[in-house]
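*Asks:* Just to be clear, the model below is a prediction. Sequence and coordinates:
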Amino acid sequence: MKTILFFLTLILGINQSNAQTNSEKILVGKWILVEEADSFPSDIEPLEETDSDSDFDSDSKTDLKNYLTFKNDGSILVNQMGNDYKATYRLKDSTLTFGNRIYSIIKLEKEELVYKEKDDFFDTHYYYRKLE
């Protein structure tokens, strides 16, 4: 009886360690940044974007978007404005870590991801929509 209980516990333990959580399953896929919102203190004015890049082709600006691609193996591909970076990520409770950056997840649903940098002075929120 003890042997059966031991093997049953062993099998369940192995399955639990290999199983992804529901949040991890939702996170896997390609996400696009749709909004970046700052909550500035009332005495700080955000800088306005200037039109100093007037010779920059406006058609190519539309291609410069931010994407995150989370994979099952714990790797992430970050595409920021056309530049690709690879790193590993980890999701634990409401903390998302990729590379050396730590974020707090505000919302994670099937089609929506919202996170902010942990302990960020300006409390910037990043809103992503799932593509795949």
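*Replies:* Received the coordinates, thanks.

*Asks:* Please count neighbours and contacts with C-alpha atoms only from this point.
*Replies:* Will do.

*Asks:* so where do the strands sit in this protein?
*Replies:* Shown for the chain, the strands assigned by DSSP state E span residues 29-37, 66-70, 75-80, 83-92, 95-98, 101-108, 112-117, 125-130.

*Asks:* for the fourth one, which positions count as buried?
*Replies:* Residues 89, 91 are the ones in strand 83-92 that count as buried (16 or more other Cα atoms under 10 Å).

*Asks:* Report the inter-axis angle for it versus strand 101-108.
*Replies:* Using axes from the mean of the first three to the mean of the last three Cα atoms, to 10 degrees, the inter-axis angle of strand 83-92 relative to strand 101-108 is 70 degrees.

*Asks:* thinking again about what came up before, out of the strands of the chain, which comes closest to Thr21?
*Replies:* Of all the strands of the chain, the one in closest proximity to Thr21, counting by Cα to Cα, is strand 83-92 (9.4 Å).

*Asks:* Quick check: can you name the pairing partners of the closest one and their directions?
*Replies:* For strand 83-92, the paired strands and their directions (DSSP bridges) read strand 75-80 (antiparallel), strand 95-98 (antiparallel).

*Asks:* Export only the CA atoms of the first one, formatted as CSV.
*Replies:* By that I understand strand 75-80. These are the backbone C-alpha positions of strand 75-80, laid out as CSV (Å, rounded to 0.1, in the frame of the first residue of the first chain):
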residue,chain,number,x,y,z
SER,A,75,12.1,32.2,-24.2
ILE,A,76,10.9,35.6,-25.4
LEU,A,77,11.5,37.5,-28.5
VAL,A,78,11.2,41.2,-28.1
ASN,A,79,10.9,43.4,-31.1
GLN,A,80,11.2,47.1,-30.3
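
*Asks:* Going forward, the N-terminal residue is numbered 14.
*Replies:* OK, 14 is where the count begins now, so the last one is strand 88-93.

*Asks:* residues in contact with it?
*Replies:* 77-83, 97-102, 111 (Cα atoms under 8 Å, 6 or more residues apart in numbering).
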